[in-house]
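# below is the sequence, then the predicted model.
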Amino acid sequence: MDDEQLKLGDKIELYKEKEKSRVYKTMIEDIYEGGVFVAAIPRLAGVPMLVRRGERLTTVFYRDSGRYFTVMRVMGVEVINGIRYLLLVKLNDTKWDQRREAYRLPVRIRVLVCEYSDAHRQEEDTTEPGNEENAAAGEPVRLELANSKDLSITGISLSMKLKCESGKKHILKLYLEGTQSKEPPLTVCAEVVRVLPGLERGVHYVGMHFCDQTKDMNEHLTKYVMTAQQKLIKSRRLI
């Protein structure tokens, strides 16, 4: 896969196995014959990384498709025009990072939480949030207009004043494009899987898992999450 190959000009992050919190950054300046990568001395807050010949370094780089990592060995240091460069070789194949954070994103959207009803589960709601017309007008009973903490293809975490019950289902109206958009909210069914106390008094963090999704709902949500993920990955790249 082309995304798995380190290339000239790639910006990379390096860290030692025993110092994972200290991430140094540099860039691939050249690639010699035999797969030797040349990189400027990695730095963290302006401080150069101290390495020794033969030391193993975990190497991370980013593509639109996600985060990749491999392990490289320091072969030595070369001085070119008075500037010191590391000589690195790969020790194993590049792997795609499949951690949970790769698909659970810190997306902030408005979410209208309603009572669960099979009759209303798949209906679109184009009414502005805050309108109190509900069941009497053929709409599900509205409980709270909440904010999301994070979002994935399979679920969502909300910051709410309402303390939901674990195992209970709700209808959610996800305003993916904002409450002022002409695009109607995405209506999904979700089951409460956890309720935790929030940082503010009277606020709860409610984790919900999407259920009873139709093919159209899943495709819409997948497209939104994948687009948001790519934007997040690009924002994390080195400037």
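Yep, it's here. Computed from a predicted structure; not experimentally measured. Residues are numbered from 1 along each chain as shown.
# could you find the closest non-adjacent residue to the residue nearest the centre of the chain?
When C-alpha atoms, centre = their mean is applied to the chain, the residue found nearest the centroid is residue 105 (3.5 Å). Spatial nearest neighbour of residue 105, excluding adjacent residues (C-beta to C-beta, 6 or more residues apart in numbering): residue 228 at 5.4 Å. From N, CA and C alone the C-beta is placed, and that goes for glycine too.
# got any ranges where the chain has weak pLDDT?
Applying pLDDT under 70 to the chain flags residues 1-3, 64-66, 97-103, 117-139, 233, 236-239.
# can you give the domain ranges for it?
Annotated domains of the chain cover 2-102, 110-221 [automatic domain parsing].
# quick check: which of the ones you listed is nearest to residue 235?
Ranking those by proximity to residue 235 (C-beta to C-beta) places domain 2-102 first, at 10.1 Å.
# how far does the closest one sit from its chain's centre?
Its chain's average C-alpha position is 22 Å from that of domain 2-102, according to C-alpha atoms, centre = their mean, to the nearest Å.
# what packs against the strand ranked longest in the chain?
Using DSSP state E, we find that the single longest strand of the chain is strand 66-80. On a contact count with 3 or more C-beta pairs under 8 Å, 6 or more residues apart in numbering; DSSP states H and E, strand 66-80 meets strand 36-40, strand 56-63, strand 83-90, strand 95-96, helix 215-236.
# for the last one, packing partners?
Meaning helix 215-236. Contact partners of helix 215-236 among helices and strands, from 3+ C-beta pairs under 8 Å, 6+ apart: strand 56-63, strand 66-80, strand 186-197.
# again, only using 10 Å
Secondary-structure packing of helix 215-236 (3 or more C-beta pairs under 10 Å, 6 or more residues apart in numbering; DSSP states H and E): strand 56-63, strand 66-80, strand 142-151, strand 169-175, strand 186-197, strand 204-211.
# just those: most buried one?
Highest mean neighbour count of the helices and strands packed on helix 215-236: strand 169-175, a mean of 23 (counted as mean count of other C-beta atoms under 10 Å).
# how about it as PDB, C-alpha atoms only?
The C-alpha coordinates for strand 169-175 follow below in PDB (Å, rounded to 0.1, in the frame of the first residue of the first chain):
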ATOM      1  CA  LYS A 169     -33.300   4.000  24.300                       C
ATOM      2  CA  HIS A 170     -33.700   7.600  22.900                       C
ATOM      3  CA  ILE A 171     -34.300   9.200  19.600                       C
ATOM      4  CA  LEU A 172     -31.500  11.600  18.700                       C
ATOM      5  CA  LYS A 173     -31.500  14.400  16.100                       C
ATOM      6  CA  LEU A 174     -27.900  15.000  15.100                       C
ATOM      7  CA  TYR A 175     -27.400  18.500  13.700                       C
END
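# pairing partners for it, with directions?
If you go by DSSP bridges, strand 169-175 pairs up with strand 110-115 (antiparallel), strand 186-197 (antiparallel).
# export the ones you listed to CSV and tack on distance to residue 142?
Listed next are the strands paired with strand 169-175 as CSV, based on distance: least, C-beta to C-beta, whole Å:
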stretch, distance to residue 142
strand 110-115, 5
strand 186-197, 13
